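Asks: Here's my sequence, what's the structure:
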Amino acid sequence: MKAIWNGTVIAESDETINVEGNQYFPASSIKKEFYESSETQSTCHWKGVASYYTLNVDGQKNNDAAWYYPETKELAKNIEGYVAFWRGVKVEE
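Replies: Take a look at the predicted model:
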């Protein structure tokens, strides 16, 4: 699977996990040069507290377009630390 934004592959892995229609990529598969930490957080009742990244590709930013769970609740341990995308990021095979 590949995650693409602004014409650039920002993550690529054969080991994604599909949860609720989102592909979660292992942290080791993201291209860190395109990610900036965000202060944004949200809470999922069964996964836990999510943190976000802003994407920065060729000077264009996509705020909070990637999220991950640094520490999950027990039911979501399989995606702990994995990264998922929204806000116009294409995920395709």
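Asks: What segments of the protein are helices?
Replies: For the chain, helices defined by DSSP state H do not occur.
Asks: tally of neighbours for Trp67?
Replies: Trp67 has 21 neighbouring residues, counting by other CB atoms under 10 Å. C-beta here means a position set from N, CA and C on the backbone, and glycine is covered the same way.
Asks: for it, what are its contacts?
Replies: Residues near Trp67 by CB atoms under 8 Å, 6 or more residues apart in numbering: Ser42, Ala50, Ser51, Tyr52, Tyr53, Val83, Ala84, Phe85, Trp86.
Asks: what sits against the fourth one?
Replies: Contacts for Tyr52 (CB under 8 Å, 6+ apart) come out as Ser38, Thr40, Gln41, Ser42, Asp64, Ala65, Ala66, Trp67, Tyr68.
Asks: If it is in a bridge, with which residues?
Replies: Trp67 (DSSP bridges).
Asks: how much space between it and Trp86?
Replies: As judged by CB to CB, to the nearest Å, Tyr52 and Trp86 stand 10 Å apart.
Asks: want to try TSV for the contacts of Trp67, with pLDDT as columns?
Replies: Putting the contacts of Trp67 into TSV (pLDDT from 0 to 100) gives the following:
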residue	pLDDT
Ser42	98
Ala50	98
Ser51	98
Tyr52	98
Tyr53	98
Val83	98
Ala84	98
Phe85	98
Trp86	98
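Asks: unless I'm mixing things up, Leu55 is touching Ser38, no?
Replies: No: taking CB atoms under 8 Å as the definition, Leu55 is not a contact partner of Ser38, at 10.0 Å.
Asks: just the contacts of Tyr52 now: which is nearest Glu15?
Replies: Taking CB to CB as the measure, Glu15 sits nearest to Tyr68 out of those, at 15.0 Å.
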